[in-house]
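Asker: okay, sequence plus prediction incoming.
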Amino acid sequence: MDELIIEGTEDSPQITLDLNANIMEISGRSLPEDVNTFYEPTLSWIEEYSKNPMPSTTFNFKLTYFNTASSKIILDILTQFEEMIEEGHQVLVRWHFPDEDEDMQEAGEEYADMVDVPFEMVSY
């Protein structure tokens, strides 16, 4: 599969989906003006990847902020991972958050409760 790299901006996250480098992550701030258009390539890439995934998938969320519209997309991504697990594939989500950011920690914990996907909470 080809890599998907979307450079981050002040309002949109950096997205790196690169199997050769073994990096799958979304980082930064997520409040793009049109969240569906922005995330469409990412959702399509993950959907295609899920048809023939690596033996083990680790996906990193390193968000410092996301808006309500982005939260729905994050759930859509996690649901795709849940479906991969149901098909017998190994998936781990690493939710990174700053030590002092209780809101971002709680957001990760809430997502972990919503989907049947293993979560690892990583503070920095």
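Answerer: Nice, thanks for sending it over. Numbers count the residues shown, from 1 in each chain.
Asker: most distant residue from the middle of this protein?
Answerer: The C-alpha centroid of the chain is most remote from E100, which lies 21.2 Å away (CA atoms, centre = their mean).
Asker: element containing that residue, please.
Answerer: In the assignment (DSSP states H and E), E100 maps to no helix and no strand.
Asker: now do the phi/psi pair for it.
Answerer: Backbone torsions of E100, given as degrees, to the nearest 10, read phi -90, psi 0.
Asker: R29 now?
Answerer: According to degrees, to the nearest 10, R29 has phi -100, psi 140.
Asker: could I get the pLDDT score of it?
Answerer: pLDDT, R29: 98.
Asker: show me what contacts it?
Answerer: Taking CB atoms under 8 Å, 6 or more residues apart in numbering as the criterion, R29 is in contact with 8, 10-13, 63-66. Where C-beta positions appear, they are placed from N, C-alpha and C, glycine not excepted.
Asker: go again using 6 Å as the cut-off
Answerer: Residues near R29 by CB atoms under 6 Å, 6 or more residues apart in numbering: 64-65.
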